[in-house]
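Participant: predicted model and sequence follow; I will ask about them next.
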Amino acid sequence: MTIVLDSGALTALAGDRAKLDALRRRGVWPPLVPTVVLTESLTSDHRRDFHVNRLLRACEVRIVDELLARRAASLRFAVGRQHLPSAVDAIVVALADDTRGATVLTSDTRDLRALSRHTANDVPVERA
């Protein structure tokens, strides 16, 4: 199984050594992180970003290309609510969908689960 992290999960895991160890024991390491998640997670202050940057060195950071961005846009508008999920959340779910069998880890499951209902493959969403 593969995991994809959103910014909430990345931040939460960066400060929780026990959860990181548990994920490694489950064999779901290294996680995937789309590049846009870095935009939400980093501050450009090396002191505040230290733990996140250390965790990112152990992750597989994926570039968001046009095809993935278009799939994410499709998912985002498929939700059909007045309040659309964020573009970053849609990209996280689209990456997990492209990586068949991937699970999304997040600190906020509501929007990501709404997006995952519209994926081509089963995309479980778990709280980080």
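Facilitator: Yep, that arrived.

Participant: from here on, contacts and neighbour counts on C-alpha atoms
Facilitator: Noted.

Participant: can you report how many residues lie near Asp3?
Facilitator: Heads up, residue 3 is Ile, not Asp. Neighbourhood size, Ile3 [other Cα atoms under 10 Å]: 22.

Participant: in this structure it contacts Leu105, no?
Facilitator: Yes - here Ile3 reaches Leu105: they are 6.7 Å apart, a contact under Cα atoms under 8 Å.

Participant: just the residues contacting stretch 111-122, thanks.
Facilitator: The contact list for stretch 111-122, computed with Cα atoms under 8 Å, 6 or more residues apart in numbering, reads 75-76, 78-79, 85, 89-90, 93-94, 97, 100-101, 123-125.

Participant: for Thr109, what are its contacts?
Facilitator: So Thr109 contacts Val125, Glu126, Arg127 (Cα under 8 Å, 6+ apart).

Participant: just the buried ones among those, please.
Facilitator: Buried residues within the contacts of Thr109, defined by neighbour count using 16 or more other Cα atoms under 10 Å: Val125, Glu126.

Participant: of the contacts of stretch 111-122, closest to Leu38?
Facilitator: Asp89 (12.5 Å; Cα to Cα).

Participant: that older thread, tell me which entries of the contacts of Thr109 lie within strands.
Facilitator: Under the assignment DSSP state E, the contacts of Thr109 contribute Val125, Glu126, Arg127 to strands.

Participant: partners of the first one in the sheet?
Facilitator: If I follow you right, that is Val125. Val125 has these beta-bridge partners by DSSP bridges: Val104.

Participant: shift numbering so it begins at 70
Facilitator: Yep, numbering from 70; the last one is Val194 now.

Participant: Three-state assignment for Val73, please.
Facilitator: Assigned by DSSP: H, G, I helix; E, B strand; the rest coil, the conformation of Val73 is strand.

Participant: what's in contact with stretch 73-85?
Facilitator: Residues from elsewhere that reach stretch 73-85 (Cα under 8 Å, 6+ apart): 88-89, 100-103, 106-107, 109-110, 120-121, 123-124, 158, 161, 164-165, 171-177, 196-197.
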